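S.K.: generate a structure from the sequence data that follows.
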Amino acid sequence: MVRGKVQMKKIEDATSRQVTFSKRRNGLLKKAYELSVLCDAQVAVIVFSQNGRLYEFSSSNMSKILERYREYTKDVPTNKFGDDYIQQLKLESANMAEKIQLLEISKRKLLGQSVSCCSYDELKEIEDQLQRSLLRVRQRKAQLYMEQIDQLRCQESNLLQENAKLTEMILVFPFTLPPLSTMPPPHTFTSPISLKLNEDNFLVWKHQALATVTGLHLMKFLESSSYPPKYVTLDAAASDTVNPLYLHHLQQD
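M.R.: Just a heads-up that it's a prediction; the model follows:
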């Protein structure tokens, strides 16, 4: 079973804290012993519990190891590295604060604030900078405007193509009619109420009705259009599949 990660904070429960201290202390002393044996190193460990009880380990004499430590640190400043690092951080912080202050001053000048103390050259520089910024803004605005125009033109082209397809579908219908020679004129269409339908005349009446109704819709479309397309070419075979009113309109044009 994988042990969960222990959070590095004080254990609030006193019993759990004491148990953890005992386990970790024994582990620390064991690691110190292994380090001294495996690596032939002089190791000294000093631990004080929360109650002030002392626990220690030394690979040799503890006093000699402590004396050696004091002799070593006598001439070497223990906080030299820390002091240098702190000085570096202070210097970087001061430089950053100065840059922030300059940026704030420049921002106020660009907004028209704090310009009373500016010289002519400074005001001229601010004006030039504002003009460059305004030019970039206008260029970006024009670019977006042209992109919108291109999108609208593309949409217009798509709509025109779709409109052309729909117009062609309206003018040339996909259903098949009988030959024109066998069809009665559209004006002779007889109402099914006054005509007795049977197996012999039903199909003729059906095609006649379809042609008449379709022709009425087509004529309404052509009357409302100021430029009917004349590019449709029909041969003898195709003329049987096109509404006769449409053929009549093309012949007149």
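
S.K.: name the SS class of Y55, please.
M.R.: strand (DSSP: H, G, I helix; E, B strand; the rest coil).

S.K.: quick check: it touching N26?
M.R.: No: using CB atoms under 8 Å, Y55 is not in contact with N26; the gap is 9.2 Å. Every C-beta, even on glycine, is put in place using the N, C-alpha and C of the backbone.

S.K.: how about the helices of this structure, start to end?
M.R.: Per DSSP state H, the chain carries helices over the ranges 14-39, 62-74, 80-110, 120-171, 202-224, 244-252.

S.K.: tell me which of those helices lies nearest to N51.
M.R.: The closest of those to N51 is helix 14-39. By CB to CB, the value is 9.4 Å.

S.K.: re the thing from before, Y55 and N26: who's more crowded?
M.R.: Neighbours per residue, other CB atoms under 10 Å: of Y55 and N26, the larger number sits with Y55, 15 against 11.

S.K.: the closest residue to the more buried one other than its chain neighbours and L28, how far apart?
M.R.: Spatial nearest neighbour of Y55, chain neighbours left out: V47 (4.3 Å); criterion: CB to CB, 6 or more residues apart in numbering. For V47, the distance to L28 (CB to CB, to the nearest Å) stands at 7 Å.

S.K.: related to what we said a few turns ago, quick one: the helices of the chain as a markdown table, columns for distance to N51 too.
M.R.: Shown next, in a markdown table, are the helices of the chain (distance: least, CB to CB, whole Å):
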| stretch | distance to N51 |
| --- | --- |
| helix 14-39 | 9 |
| helix 62-74 | 21 |
| helix 80-110 | 31 |
| helix 120-171 | 69 |
| helix 202-224 | 103 |
| helix 244-252 | 109 |
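
S.K.: any chance of the ones you listed in a markdown table, with mean pLDDT and distance to Q7 too?
M.R.: Formatted as a markdown table, the helices of the chain follow (pLDDT from 0 to 100; distance: least, CB to CB, whole Å):
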| stretch | mean pLDDT | distance to Q7 |
| --- | --- | --- |
| helix 14-39 | 93 | 12 |
| helix 62-74 | 87 | 33 |
| helix 80-110 | 83 | 27 |
| helix 120-171 | 89 | 50 |
| helix 202-224 | 60 | 80 |
| helix 244-252 | 49 | 86 |
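
S.K.: before we move on, back to that, what is the burial count for the residue nearest to Y55?
M.R.: Neighbour tally, V47, other CB under 10 Å: 14.

S.K.: local confidence estimate at I193?
M.R.: At I193, the predicted lDDT confidence score is 46.

S.K.: go on, P77?
M.R.: 59.

S.K.: going forward, begin numbering at 500 instead of 1
M.R.: From this message on, residue numbering opens at 500, which makes the last subject P576.

S.K.: domain parsing of this structure, as residue ranges.
M.R.: Annotated domains of the chain cover 513-575, 576-616, 623-670, 671-751 [automatic domain parsing].

S.K.: quick check: S615 vs K664, distance?
M.R.: 69 Å.

S.K.: neighbour count for the two, which is higher?
M.R.: Remark: of S615 and K664, K664 carries more neighbours, 10 against 5, as counted by other CB under 10 Å.

S.K.: and the gap between that one and L651?
M.R.: 21 Å.

S.K.: got it, and K509?
M.R.: 67 Å.

S.K.: which one of those two has more residues nearby?
M.R.: L651 (10 against 6).

S.K.: returning to that earlier point: tell me the contacts of the residue nearest to Y554?
M.R.: R524, L527, L528, L553, Y554, E555 (CB atoms under 8 Å, 6 or more residues apart in numbering).

S.K.: I'd guessed S535 sits against A543; true?
M.R.: No: counting by CB under 8 Å, A543 is not a contact partner of S535; they are 9.3 Å apart.

S.K.: what sits in contact with each of those two?
M.R.: Common neighbours of S535 and A543 (CB under 8 Å, 6+ apart) are S558.
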